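Next come a sequence and a model predicted from it.
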There are 2 protein chains.
Amino acid sequence: MTASSLDALIDALRRLPGVGLKSAQRMAFHLLQHDRDGALRIAAALQGAVSQVRHCSRCRTFTEGALCAICSDASRDARQLCVVETPADQAALERTGSYRGLYFVLMGRLSPLDGVGARDIGAQALLERAADGSVEEVILALSFTAEGEATAHVLSEALRARGVKVTRLARGVPAGSELEYVDLSTIAHALVDRH
Amino acid sequence: MTASSLDALIDALRRLPGVGLKSAQRMAFHLLQHDRDGALRIAAALQGAVSQVRHCSRCRTFTEGALCAICSDASRDARQLCVVETPADQAALERTGSYRGLYFVLMGRLSPLDGVGARDIGAQALLERAADGSVEEVILALSFTAEGEATAHVLSEALRARGVKVTRLARGVPAGSELEYVDLSTIAHALVDRH
């Protein structure tokens, strides 16, 4: 184990989120032992993505052009603006096939302890966009975690102060679940929001 | 999410062991959003390791030269040959500082269901090396898992048939552990191997 380029690889792989020393070793050994072609493909994909991927100037999601495909799609309903935390959340909403409006991607959520403030999630751009006259409803589709809730609270206060209509995703019992196995906080919310 | 180089990156990252679609997405988003410099470093490290790292012609571990540092160290005791599964296991043994012999790294273990046979773990080279006259004892330092045990069984049978002295790591109660919390199989082994 004096192979310094092997050590450099293990070190580099530890920069991946959720990867510690043991996982990085396992990844490096696997690639070098069983999948050198894969290692080169990962390297090329990383370089390609870093050089090609930038942010949509309108909704901040990842894209390769100036505007992403959704923002440049004239058939989308510009009166609805859905605010999500990440491109992954946006992709999940798109897969449902039940939303035809536009998006604003925060690329994160407020997290003062990690130094993520309003500027990092593009709050100012969101407020200007929401008040530009074409948007009739802002849908906050944020996580129902502590940080997601805090972000939603801050954004909805600021949006409402500008006279924008703000809604949030419904909280309730997930599709396909038996009540017995749903956590109590979810049942309590579903009870309050009954309709 | 029509950024094709982003999709290519997520696809490529899924080749890493233990990484599924969600983890690959998280890694790709993290790198592109927060650590583009890290992404380029990982790419360079992958390319460097693939081009530089090869196998020691003597013990099969990863190295950048023809012989690894341990095999080319004349002060090591050539009468002892320790057989391990991976360079990581070898590194763990080295860190103990209590072994001064040489190594043979299988780079895997027998696993017929995964198509890993005797040829893949270099069994023939091990047998030749063990019978070359200089080796007095082969220490099988393999995992005490089903596959590790099976590999040790096959290797020790073959080695003993060639008149080589074969030993295995002692099984027993780990250092620092309270008997109450040690699993029963380990206690039973420690009882049988009491001395």
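Cool, the structure landed.

biggest strand in chain A, by residue count?
Secondary structure assigned by DSSP state E gives strand A:77-84 as the longest strand of chain A.

contacting residues around A:P17?
B:R26, B:M27, B:H30 (C-beta atoms under 8 Å, 6 or more residues apart in numbering or on different chains). Quick note: C-beta positions are derived from backbone N, CA and C, even for glycine.

mind putting those residues in CSV, neighbour count included?
Formatted as CSV, the contacts of A:P17 follow (neighbours: other C-beta atoms under 10 Å in any protein chain shown):
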residue, neighbour count
B:R26, 18
B:M27, 24
B:H30, 16
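
For A:G20, list the residues it contacts.
So A:G20 contacts A:R14 (C-beta under 8 Å, 6+ apart).

measure it to A:H34 for me?
Note on A:G20: its distance to A:H34, by C-beta to C-beta, to the nearest Å, is 21 Å.

Using PDB, write out every CA atom in the longest strand of chain A.
Taking Å, rounded to 0.1, in the frame of the first residue of the first chain, the C-alpha atoms of strand A:77-84 are listed here in PDB:
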ATOM      1  CA  ASP A  77     -48.600  27.400 -17.300                       C
ATOM      2  CA  ALA A  78     -46.600  30.500 -16.300                       C
ATOM      3  CA  ARG A  79     -49.300  31.400 -13.700                       C
ATOM      4  CA  GLN A  80     -48.100  28.700 -11.300                       C
ATOM      5  CA  LEU A  81     -44.700  28.700  -9.800                       C
ATOM      6  CA  CYS A  82     -43.600  25.700  -7.800                       C
ATOM      7  CA  VAL A  83     -40.700  26.100  -5.400                       C
ATOM      8  CA  VAL A  84     -38.600  23.000  -4.700                       C
END
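
how far out from the middle of the chain is that strand?
On the basis of C-alpha atoms, centre = their mean, to the nearest Å, strand A:77-84 sits 15 Å off its chain's mean C-alpha point.

which helices and strands does that strand pack with?
helix A:87-96, strand A:101-105, helix A:123-130, strand A:137-140 (3 or more C-beta pairs under 8 Å, 6 or more residues apart in numbering or on different chains; DSSP states H and E).

Skip ahead from the last one and say which helix or strand is next.
Heading C-terminal from strand A:137-140, the first helix or strand you meet, by DSSP states H and E, is helix A:146-161.

which other residues reach the next helix or strand after that next one?
Once the chain leaves helix A:146-161, the next helix or strand it forms, by DSSP H and E, is strand A:166-168. Contact partners of strand A:166-168, identified using C-beta under 8 Å, 6+ apart, comprise A:E137, A:V138, A:I139, A:L140, A:A141, A:L142, A:A152, A:L155, A:S156, A:L159, A:R160.

Contacts only, for A:A150.
So A:A150 contacts A:R109, A:L110 (C-beta under 8 Å, 6+ apart).

A:A125 too?
Per C-beta under 8 Å, 6+ apart, neighbours of A:A125: A:R60, A:F104.

how far away is A:L179 from B:G48?
56 Å.

same thing with A:S98?
For A:S98 relative to B:G48 (C-beta to C-beta), the value is 47 Å.

Could you do A:G20 as well?
22 Å.

Please apply the same query to A:L9.
In terms of C-beta to C-beta, A:L9 sits 7 Å off from B:G48.

cool, and A:L40?
For A:L40, the distance to B:G48 - C-beta to C-beta - is 11 Å.

Likewise for A:P174?
46 Å.

of those two, who's got more company?
B:G48 (17 against 8; other C-beta atoms under 10 Å in any protein chain shown).

The residue nearest to A:L155 when sequence neighbours are not counted: what's it in contact with?
Nearest residue to A:L155, sequence neighbours excluded (C-beta to C-beta, 6 or more residues apart in numbering or on different chains): A:L140, at 6.3 Å. Counting by C-beta under 8 Å, 6+ apart, A:L140 makes contact with A:V83, A:A152, A:L155, A:S156, A:V166, A:T167, A:R168, A:L169.

could you redo the last one with a cut-off of 6 Å?
A:V83, A:A152, A:R168 (C-beta atoms under 6 Å, 6 or more residues apart in numbering or on different chains).
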